[in-house]
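**Student:** pasting a predicted model and its sequence here:
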Amino acid sequence: MRPFLLSSLGVVGIVAPFTQASAQLRATPSVSVNAGAGYSSNPYLTPGDTQGSGTANLDVSPVLDLIDGLDRATIAGNYNRTDYFSRYPSNDGYGVTVNGSHQINARTSFGVNVGFNSAVLGSANAFPASPFITVPGSTTGVDSAGKPITTPIPPTVIPNPALVGSDGDLGLFGLLQRRNMLSGGANFNYQPSDRSTWSFGIDASRTDYPGQAIGLSSYRSYGANAAYTRTLSARESVGATLSVSVVDYQFGQTSKIYTPRLTYTRQLATNWSLNLAVGTAIVDDGRSKATVSANGSLCKSGERSNLCLTASRDPSISGFSGVRTTTSANLSYSYQLAETTSLSVSGAINHIDQGFTANPVNQTFLNQGSQDYFSANVGLNRSIGRHLGVNGSVSYRDVNGLGVPVDADIGGRIGLSWTIGGR
């Protein structure tokens, strides 16, 4: 087995597949293009009297999968652009991620990830569809004879890394403020026995606000985490996690976050799974405080439908030099209406508690009120042949607590998609 290396290209890096040419190496490229037109009543969630506008949208997502035996790397990019027929300036967002994993032996694996994202806060394309990611519930290895094996590990639902800091920046909605995020991390997993798993990880990120608004502060964050999982049966497991994060602001107080939690996972019935994590979050930012930290998910995976309910309460990072508690709930549902037609429904609620923001001028604290963000989307997709498809959606977004009235954004879109390559 020949492990691959990571080398940088610009700010995100690319995968240098292997130290030597490998007969096992499989490179699988793919690209998806989605183009369409629609309407949005308040595309940037700007305050005051607003007017709607027609839109033209383009989204391009290339992906390259590299597989060599049990080693794998994925390079994924995305570019989206929206042009408005009246009043509003054009908006584009772009990003790239690199993920790689190396199976050292049957019980030990190592992974790395690097990513960059740039988007205008509050725009319709600023956020992914879900604030959570489900980590797969199995890992691959090799037995004593070198034959590949799969070891079951309970799936885990974690906050989507692309959303780090997003919820804390609700106060920037409507200002057309762009945010650039560069992040990276590494993780190490070890199974001392068939029932026990240890995981360790580190991460770092840098967030900048080009042409930043008054009161904003760019920041860097660093973190480390450790987790232990014990499998009680084929359907149940328990564990514990500990994470430590440091947020170093360009202006303002440095914040430290300590989060110990207990975890529980259970397969409730056929196709149903439950994940829970409960603990406390201790924030030290000059005004030390502790709050309940928790997240959970209840998901069902079927032949024709998928349903997932997720919720969390955790500290979130803000560009206003402060850490505030965010409570989120998310629903996602999809149903295969026919062989070529599918329906998707999603909704999310985000609430940010009242907090205090550090004043970079005199090191005092400014009081910030609570804020709320709501979103919902219904989409319909139909395949036309192997590579083409048609899709349509309607959406709703609203934000409260910015100190000024903001009209909700109600929109719709219809488009064509083209996909080629992949497995």
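**Tutor:** Sure thing, it's come through. Note that this is a predicted model, so its numbers are computed, not measured. Residues are numbered from 1 along each chain as shown.
**Student:** and the contacts of stretch 330-344?
**Tutor:** For stretch 330-344, the surrounding residues in contact (C-beta atoms under 8 Å, 6 or more residues apart in numbering) are 129-132, 303-311, 345-349, 377-384. Where you see a C-beta, it was placed from the backbone N, CA and C, and this is true even at glycine.
**Student:** change it to 10 Å
**Tutor:** 129-132, 160, 297, 299-300, 302-312, 345-350, 375-385, 389-391, 393 (C-beta atoms under 10 Å, 6 or more residues apart in numbering).
**Student:** what bits of the chain have low per-residue confidence?
**Tutor:** 1-23, 124-168, 212-214, 321, 355-368, 423 (pLDDT under 70).
**Student:** got a list of what Gly389 touches?
**Tutor:** Applying C-beta under 10 Å, 6+ apart, one finds that Gly389 lies in contact with 32, 34, 340-342, 381-383, 415-419.
**Student:** can you select the buried ones among those residues for me in ChimeraX?
**Tutor:** Here is the ChimeraX command that selects the buried residues among these (16 or more other C-beta atoms under 10 Å):
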select :32,34,342,381,383,415,417,419
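**Student:** redo the contacts of Gly389 as TSV? Include secondary structure and distance to Gly48.
**Tutor:** Listed next are the contacts of Gly389 as TSV, based on DSSP: H, G, I helix; E, B strand; the rest coil; distance: C-beta to C-beta, whole Å:
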residue	secondary structure	distance to Gly48
Ser32	strand	37
Asn34	strand	32
Thr340	coil	44
Thr341	strand	41
Ser342	strand	39
Asn381	strand	36
Arg382	strand	39
Ser383	strand	42
Gly415	strand	30
Leu416	strand	35
Ser417	strand	36
Trp418	strand	39
Thr419	strand	41
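**Student:** list just the nearest of the contacts of Gly389 to Gly100.
**Tutor:** Within the contacts of Gly389, the smallest distance to Gly100 is 21.7 Å, found for Ser32 (C-beta to C-beta).
**Student:** partner residues bridging that closest one?
**Tutor:** Ser61, Thr419 (DSSP bridges).
**Student:** over to Asp203?
**Tutor:** Beta-bridge partners for Asp203, by DSSP bridges, are Gly185, Gly223.
**Student:** tally up the residues packed near Thr231, please.
**Tutor:** By other C-beta atoms under 10 Å, 20 other residues sit near Thr231.
**Student:** which secondary structure element is home to it?
**Tutor:** If you go by DSSP states H and E, Thr231 is part of strand 219-233.
**Student:** how about that strand as CSV, C-alpha atoms only?
**Tutor:** What follows is strand 219-233, C-alpha atoms only, in CSV (Å, rounded to 0.1, in the frame of the first residue of the first chain):
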residue,chain,number,x,y,z
TYR,A,219,-9.9,36.1,13.5
ARG,A,220,-8.0,32.9,13.6
SER,A,221,-9.1,29.8,15.4
TYR,A,222,-7.3,26.7,16.6
GLY,A,223,-8.7,23.5,18.2
ALA,A,224,-8.1,20.0,19.3
ASN,A,225,-10.4,17.2,20.2
ALA,A,226,-10.4,13.7,21.6
ALA,A,227,-13.2,11.1,21.6
TYR,A,228,-13.7,7.5,23.0
THR,A,229,-16.5,5.2,21.8
ARG,A,230,-17.5,1.9,23.4
THR,A,231,-19.8,-0.5,21.6
LEU,A,232,-22.2,-2.2,24.0
SER,A,233,-24.0,-4.2,21.3
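**Student:** just want the angle from the helix or strand just after it to strand 219-233.
**Tutor:** Going down the chain from strand 219-233, the next helix or strand is strand 236-249, by DSSP H and E. Relative orientation of strand 236-249 versus strand 219-233 (axes from the mean of the first three to the mean of the last three C-alpha atoms, to 10 degrees): 170 degrees.
**Student:** okay, now the sheet partners of strand 236-249, with direction.
**Tutor:** Here strand 236-249 has these sheet partners by DSSP bridges: strand 219-233 (antiparallel), strand 255-269 (antiparallel).
**Student:** for that strand, buried residues please.
**Tutor:** Neighbour counts using 16+ other C-beta under 10 Å place 237-239, 241, 243, 245, 247, 249 of strand 236-249 among the buried residues.
**Student:** out of those residues, which is nearest to Gly100?
**Tutor:** Closest approach to Gly100 among those (C-beta to C-beta): Ser243, at 22.2 Å.
**Student:** got the contact list for the closest one?
**Tutor:** Counted by C-beta under 10 Å, 6+ apart, Ser243 has contacts 201, 203, 223-227, 257-261, 279, 281, 293, 314.
**Student:** how much space between it and Pro260?
**Tutor:** 8 Å (C-beta to C-beta, to the nearest Å).
**Student:** Asp407 now?
**Tutor:** For Asp407, the distance to Pro260 equals 42 Å [C-beta to C-beta].
**Student:** Asn57 too?
**Tutor:** As defined by C-beta to C-beta, Asn57 lies at a distance of 44 Å from Pro260.
**Student:** now Met181
**Tutor:** 26 Å.
**Student:** those two: which has the busier surroundings?
**Tutor:** The neighbour comparison of Met181 against Pro260 (other C-beta under 10 Å) goes to Met181, with 19 against 14.
**Student:** so where does that one fall, helix or strand?
**Tutor:** Using DSSP H and E, Met181 sits in strand 178-190.
**Student:** residues contacting Trp418?
**Tutor:** Contact analysis of Trp418 by C-beta under 10 Å, 6+ apart lists 31-35, 384, 387-389.
**Student:** dump these into TSV; add distance to Ser53 as well.
**Tutor:** As requested, the contacts of Trp418 are exported to TSV (distance: C-beta to C-beta, whole Å):
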residue	distance to Ser53
Val31	29
Ser32	26
Val33	23
Asn34	20
Ala35	18
Ile384	29
His387	31
Leu388	28
Gly389	26
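**Student:** picking that back up, let me know the closest of the buried residues of strand 236-249 to Gly211.
**Tutor:** For Gly211, the nearest member of the buried residues of strand 236-249 is Tyr249. The distance, counting by C-beta to C-beta, is 17.9 Å.
**Student:** buried set for the helix or strand harbouring Ser344?
**Tutor:** Using DSSP H and E, Ser344 falls within strand 341-352. If you call a residue buried by 16+ other C-beta under 10 Å, then strand 341-352 has these buried ones: 342, 344, 346, 348, 350-352.
**Student:** turn the strands paired with strand 236-249 into JSON lines, including distance to Asp194.
**Tutor:** JSON lines is the format used below for the strands paired with strand 236-249 (distance: least, C-beta to C-beta, whole Å):
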{"stretch": "strand 219-233", "distance to Asp194": "8"}
{"stretch": "strand 255-269", "distance to Asp194": "16"}
